[in-house]
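# Quick one, fold the following:
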Amino acid sequence: ESEGIATDATTAMVDATTVQSTATKNKPSSDPRYFLAGGLSAAISHGITTPIDVVKTRMQSDSSLSSLSPQNAALQICRLDGPSALAAGLGPTVLGYGVEGALKFGVYETLKPVLLALLAPTAGDPTQPYLVAAVCAGALASIVLCPMEETRIRLVTDPDFGAEGLLDGLPALLEEEGPLTPFRRGILPMLAKQVPYTVGKQVSFDVFAGMLYGWLAALGVLATEGDRMGMIPEKEVALAVEIGAAFLASLVACLASQPGDVLLTATYKNGKDDKNGKDGEANCESDDDANENVGFGATISKVYQEGGGIAAFFRGLNARFFHVGCIITFQLVIYDQMKQFLGLPASGAH
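This next block holds a predicted model:
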């Protein structure tokens, strides 16, 4: 009997995925409601978890905090810098991730039907088109996020930088380094973080949500629009499915993007010194691009050598599990609920 249920669940999951793929291909190629829902969900989720992000960033950049638990690190930060230190970087976090979220979710949802038509014309497995859409969305969002993320990290790691937060931090950064430097120096570590993060979050959320709906349908407890035999209407289990799928997606996204997050913090925390190169001398403009790539490789080597090997790329993982878990769970649930409020279907539903 258990084998029969498993087979039925797999069949239902495939059917749900096929129906969702067909519906995705038939919907309009671009809908501003995805951008709106994505931007608001990202701004809210990242904003309310800013204190956790401060603790995680300080644990990655301050060796005196790296061996402490997240709770003890937070208490130490409050003792040394005051409780307001836990809100450092709130402005660039909300603004930067609001724009980033709008682009990430909007572009991802816009590209899905296009790539499904190109890569899965017979309504087959949508995983590959979803992966490509997530990579493109994550790369675009990384470019937009670069100056805001450098401002946030400088505000958190440098107490003398940006006394008024975003209002003077971002102008000071651009005046100090020039408008293009945050993009040149930060784009590679940002891509190393955001592309795996986007793929892990959005694709796995779609997959897990579809699996959960498929299993519920196979067990006979879910009543869909085309099948009223189930005991529970699909809309009544949507929130539970969203929370479960979002939590599982948070684990995937956190593990996939942790090394990139460590490299991003290492790249930005000493941004002023990095600008002048290793020997303190300005690089020639003709060698800017080459030096930026060498800088990223040097950052990887430095983290590996000074942090004790591979384990250095997972420093602060406990705090980030909590931080990213909260962000992604809040964000995806808010996003899915907002989609439904705006008249769009829930992720994974059929």
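# From here on, just use CA atoms for contacts and neighbour counts.
Fine.
# Quickly note the distance from the residue nearest the centre of the chain to Ala217.
The central residue of the chain, meaning the one whose C-alpha is nearest the mean C-alpha position (Cα atoms, centre = their mean), is Tyr197 at 4.5 Å. When Cα to Cα, to the nearest Å is applied, the distance between Tyr197 and Ala217 equals 30 Å.
# Asp31 too?
If you measure Asp31 against Ala217 using Cα to Cα, the figure is 29 Å.
# Which one's more surrounded, the two?
Comparing Asp31 with Ala217 by neighbour count (other Cα atoms under 10 Å), the higher total belongs to Ala217, at 24 against 14.
# remind me which residues of this structure are low pLDDT?
1-29, 120-124, 162-167, 181-182, 222-234, 269-294, 348-350 (pLDDT under 70).
# mind listing the strands in it by residue range?
222-223, 232-233 (DSSP state E).
# Leaving out the residues flanking it, which one is nearest to Gly89?
In space, Gly89 comes closest to Arg152 once its chain neighbours are excluded; the distance is 4.6 Å by Cα to Cα, 6 or more residues apart in numbering.
# What of Thr329?
On the basis of Cα to Cα, 6+ apart, the spatially nearest residue to Thr329 that is not a chain neighbour turns out to be Ala246, at 4.8 Å.
# Show the contacting residues for the one you found.
With contact taken as Cα atoms under 8 Å, 6 or more residues apart in numbering, Ala246 is in contact with Lys201, Phe205, Ile328, Thr329, Leu332, Val333.
# about what we covered before: might one say that the residue nearest to the centre of the chain is in contact with Gly260?
No: between Tyr197 and Gly260 no contact is recorded; they are 9.1 Å apart, counting by Cα atoms under 8 Å.
# if I look at Leu332, how far off is Ala249?
Distance, Leu332 to Ala249, by Cα to Cα: 9 Å.
# residues near the residue nearest to Met190 when sequence neighbours are not counted, how many?
For Met190, ignoring the flanking residues on the chain, the nearest one in space by Cα to Cα, 6+ apart is Ser142 at 5.7 Å. The burial metric for Ser142, expressed as a neighbour count using other Cα under 10 Å, is 26.
# which ones are touching Ser142?
Glu100, Ile187, Met190, Leu191, Gln194, Val195.
# Ok, Ala253 next?
With contact taken as Cα under 8 Å, 6+ apart, Ala253 is in contact with Pro196, Tyr197, Thr198, Val199, Gly200, Lys201.
# my guess is the last one contacts Ala256, does it?
Meaning Lys201. No: here Lys201 does not reach Ala256: they are 9.5 Å apart, not a contact under Cα under 8 Å.
# Who has more neighbours out of these two?
Higher neighbour count among Lys201 and Ala256: Lys201, with 26 against 21, using other Cα under 10 Å.
# contacting residues for that one?
Taking Cα under 8 Å, 6+ apart, one finds Ala246, Ala249, Ser250, Val252, Ala253, Ile328 in contact with Lys201.
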